[in-house]
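K.L.:
Predicted structure and sequence below. I'll ask about it afterward.
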Amino acid sequence: MKKEARKAVIAGNWKMNKTPAEAAALIEEMKPLVKDADCEVVLCVPYVDIAAAVEAAKGSNIKIGAENVHFKASGAYTGEISAEMLTASGVEYVIVGHSERRTYFGETDQTVNLRTLAALNAGLKVIVCVGKTLEQRELGYTETLLKYQTKMALTGVTAEQLKNVVIAYEPVWAIGTGVVATDDQADEGNGFVRAAVAEAYGEAAAEAITVQYGGSMNAKNAEGLLGKVNVDGGLIGGASLKAADFSVIVGAASK
Ligand code: PEP
């Protein structure tokens with residue numbers, strides 16, 4: 001399968017930004033700008049914005065995602081949200097294992113795997129984030145770590161379920177810093193992720209899976225990054241909070 005045959009996915013990650021009213025207003029602004037997209041357009045929003053976002057996106061090509069999900073179905077897990085709660089709220093995608101969750105909230109490869117399985121079993125599409133730090137890159141561990149994280153996250157995921165998985169390669173040093181990976185670094189990292197999928201599921205599955213790049217992608221650098229053979233889309237933080245910038249990235253993925 002050639003890059004052109006893979007589904008490009010441009011997903012915004014709003015992080016801890018926007019009230020429900022602000023979320024609805026931003027989606028109204030984005031709708032006409034992305035309506036002709038030839039890629040999947042996803043906005044992952046804070047839990048409290050989901051209802052407003054789903055309502056605002058109705059009838060458009062924008063899919064709504066969440067930024068995390070708990071791995072248990074229900075019970076005494078104060079502050080957590082289950083996969084079933086998300087699907088019942090109209091959510092189609094969920095981000096799992098974002099580096100901010102790994103760094104600030106104790107997320108491990110094991111919990112990333114559990115969340116991935118819970119989300120897939122509930123019928124959600126999962127954007128699994130993998131990445132490594134600058135120190136790890138400088139020590140030469142990029143390939144080893146990316147392959148390890150990818151395989152750990154996917155443990156127990158069936159070949160059929162893999163069709164609902166998108167993997168986002170996000171170098172930690174490039175997230176929210178304005179320091180973007182070069183086009184070639186992004187392509188190389190995404191290639192390591194694809195190679196890990198090939199080792200676990202075979203070449204055909206690896207060729208079919210959507211692998212995003214994430215880390216300071218913006219309206220100016222998106223075209224170069226998305227032009228690379230292994231870059232099938234982007235996970236966008238800061239630039240997804242501005243309708244004009246986000247729509248330029250969606251446009252670059254639609255070429
Ligand atoms: C992200 O949050 O996944 C991200 C890539 O953020 P930013 O685009 O702001 O670097």
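P.N.:
Great, that's in hand.
K.L.:
if I look at residue 231, how far off is residue 35?
P.N.:
Residue 231 sits 24 Å away from residue 35, going by C-beta to C-beta, to the nearest Å. Quick note: C-beta positions are derived from backbone N, CA and C, even for glycine.
K.L.:
The two: which has the busier surroundings?
P.N.:
residue 231 (26 against 13; other C-beta atoms under 10 Å).
K.L.:
how close does that one get to the ligand?
P.N.:
As judged by C-beta to the nearest ligand atom, to the nearest Å, residue 231 and the ligand stand 13 Å apart.
K.L.:
Then residue 2?
P.N.:
26 Å.
K.L.:
so what pLDDT did that residue get?
P.N.:
The confidence metric pLDDT takes the value 76 at residue 2.
K.L.:
what about it, neighbour count?
P.N.:
Neighbour tally, residue 2, other C-beta under 10 Å: 7.
K.L.:
Helix, strand, or coil at residue 129?
P.N.:
Counting by DSSP: H, G, I helix; E, B strand; the rest coil, the backbone at residue 129 sits in strand.
K.L.:
Report how many residues lie close to it.
P.N.:
A count of nearby residues for residue 129, using other C-beta under 10 Å, gives 28.
K.L.:
What ranges does the stretch 101-250 of the chain have for its helices?
P.N.:
109-121, 134-138, 142-154, 159-162, 183-201, 203-208, 222-226, 243-253 (DSSP state H, counting those that start in this stretch).
K.L.:
what helices or strands is the first one leaning on?
P.N.:
Pointing back at helix 109-121 there. Counting contacts by 3 or more C-beta pairs under 8 Å, 6 or more residues apart in numbering; DSSP states H and E, helix 109-121 packs against helix 83-88, strand 93-96, strand 125-130, helix 142-154.
K.L.:
Next, the buried residues of it.
P.N.:
Neighbour counts over helix 109-121 (16 or more other C-beta atoms under 10 Å) mark 109, 111-120 as buried.
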